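Build me a model from this:
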Amino acid sequence: MQIRVVIEDTSSRGLPAEHGMCLWVEACGRRFLFDLGQSALFADNAARMGIETREAEFAVISHGHYDHGGGLPTFVELNDAAPIYVHRRALGEYYSIREGKETYIGLDRRLRDSGRLTLTDGVQEIAEGITLFAGCKGRSFFSPANRRILKSEHGQFVCDDFRHEQSIIIKEGDSNVLIAGCAHSGVLNIIDRAEEIAGAPITHVVSGMHLAGVADLAFIDGLAEALKAKGCMCYTCHCTVIEAYERMRATLGDRLAYVGTGDTVAIGSCGC
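Numbers count the residues shown, from 1 in each chain. All right, here's what the predicted structure looks like:
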C-alpha cells in the first residue's frame with residue numbers, strides 16, 4: 001500500500017503547498033484520491049509527481065470544508081467518470097470565526113447540482129477491503145479548536161457537530177489502516193469507531209488532528225499518551241501543525257511521523 005501526499009500545508013520536496021489535504025492512495029488493487037485540497041493545485045502537484053488524476057477510480061471527501069473539497073470543481077473537469085463520495089451533510093453551511101467574524105468555509109454550493117456526487121452516510125464498503133464510515137459519537141480529546149467552527153441552521157449559528165465527517169478503513173494483508181481528514185470528531189474517537197467496524201485493532205493512522213491554535217499543553221500531552229496506549233503507527237499532517245507534532249513526538253517517538261507535500265507512506269510488504 002502506498003499513500004502519497006499531494007497537498008499538505010508544508011513542503012520540503014520542491015512542490016508548492018497550501019493549507020489543505022489531498023492524498024493519492026494505492027491499496028487493495030485500487031487507486032483513488034482522499035480529499036482534494038482547497039484549489040486546483042492538487043492537479044498540478046499530482047502531475048509533477050507522475051500521478052494521473054484521470055485514472056482515479058473514485059474520490060472521497062472527508063468533510064464539508066473548503067481545504068478538503070475546494071479542488072472538487074477541478075476534479076470534476078479532469079475526471080468525468082469516477083464516483084465522488086461525499087457525506088450527505090457535507091454540503092451544509094459551515095463557518096469559522098476569524099478575526100471575530102463568521103467566515104464561510106464550506107464547499108462550493110454549485111456542487112449540489114453537479115450530478116457527480118454520491119451522497120453517503122453510515123458505513124459503506126466502496127471497494128473490496130475499503131470501507132467508508134461516519135457516525136463517531138465519542139468526545140474523548142475533542143479539540144478545543146473546534147469551538148471556532150460553526151454551522152448555520154435555520155438562520156442561526158450553532159456549534160458544528162461534525163456529523164458531516166467521514167473516514168476510511170483499508171484492510172490489506174495484516175494492516176488495518178485508518179485515513180481521516182482533520183479528525184474534528186477526535187482522532188481517538190475515530191480510531192475507536194474504526195476498530196468497532198473492523199473488528200480488529202487499527203495498525204496505522206494517517207490523519208490531521210486539528211490542534212492548530214490549541215494552547216492547552218496538557219491536552220496535547222494527554223492525547224499523545226492516549227495514542228501511545230493504542231500502539232498504532234501515526235502519520236500526521238495539515239491541521240496538527242508542526243509545534244504540536246514536535247511536542248507529541250516527545251511522547252510517541254518513532255510511532256509518530258509528520259508527512260508533507262510530496263512525501264510517500266509505504267505500508268505492508270513494500271514498507272513498514
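
Okay, helices next: where are they in the stretch 101-250 of the chain?
Assigned helices in the stretch 101-250 of the chain, in chain order: 187-198, 217-230, 242-252 (criterion: DSSP state H, counting those that start in this stretch).

Mean pLDDT and mean neighbour count added to those, as CSV?
The C-beta positions use only the backbone N, C-alpha and C, and glycine is treated the same way. As requested, the helices of the stretch 101-250 of the chain are exported to CSV (pLDDT from 0 to 100; neighbours: other CB atoms under 10 Å):
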stretch, mean pLDDT, mean neighbour count
helix 187-198, 97, 21
helix 217-230, 98, 16
helix 242-252, 97, 16
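
Ok, which of the ones you listed comes nearest residue 208?
Comparing the helices of the stretch 101-250 of the chain against residue 208 with CB to CB, the closest turns out to be helix 187-198 (8.4 Å).

so who does the residue nearest in space to the middle of the chain touch?
Centroid check for the chain by CA atoms, centre = their mean gives residue 181 as the closest residue, at 1.4 Å. Contacts here follow CB atoms under 8 Å, 6 or more residues apart in numbering; on that basis residue 181 touches 21, 34-35, 62-63, 68, 165, 167, 207-208.

which sections of the chain are below the confidence cut-off?
Counting by pLDDT under 70, the ranges of the chain that qualify are 269-272.

sorry, back to before: excluding chain neighbours, give the residue nearest to the residue nearest to the centre of the chain in space.
Leaving aside its sequence neighbours, residue 181 sits nearest to residue 62 (CB to CB, 6 or more residues apart in numbering; 2.9 Å).

That neighbour against residue 68, yeah?
Yes - at 5.3 Å, residue 62 counts as touching residue 68 under the criterion of CB atoms under 8 Å.

Between the two, which has more neighbouring residues?
residue 62 (31 against 28; other CB atoms under 10 Å).

Restricted to strands, list the contacts of residue 181.
34, 167, 207 (DSSP state E).

so which of those residues comes closest to residue 193?
residue 167 (8.1 Å).

list the contacts for the nearest residue to that closest one once chain neighbours are set aside?
Spatial nearest neighbour of residue 167, excluding adjacent residues (CB to CB, 6+ apart): residue 180 at 4.0 Å. By CB under 8 Å, 6+ apart, the residues touching residue 180 are 62, 165, 167, 187, 190, 205-208.
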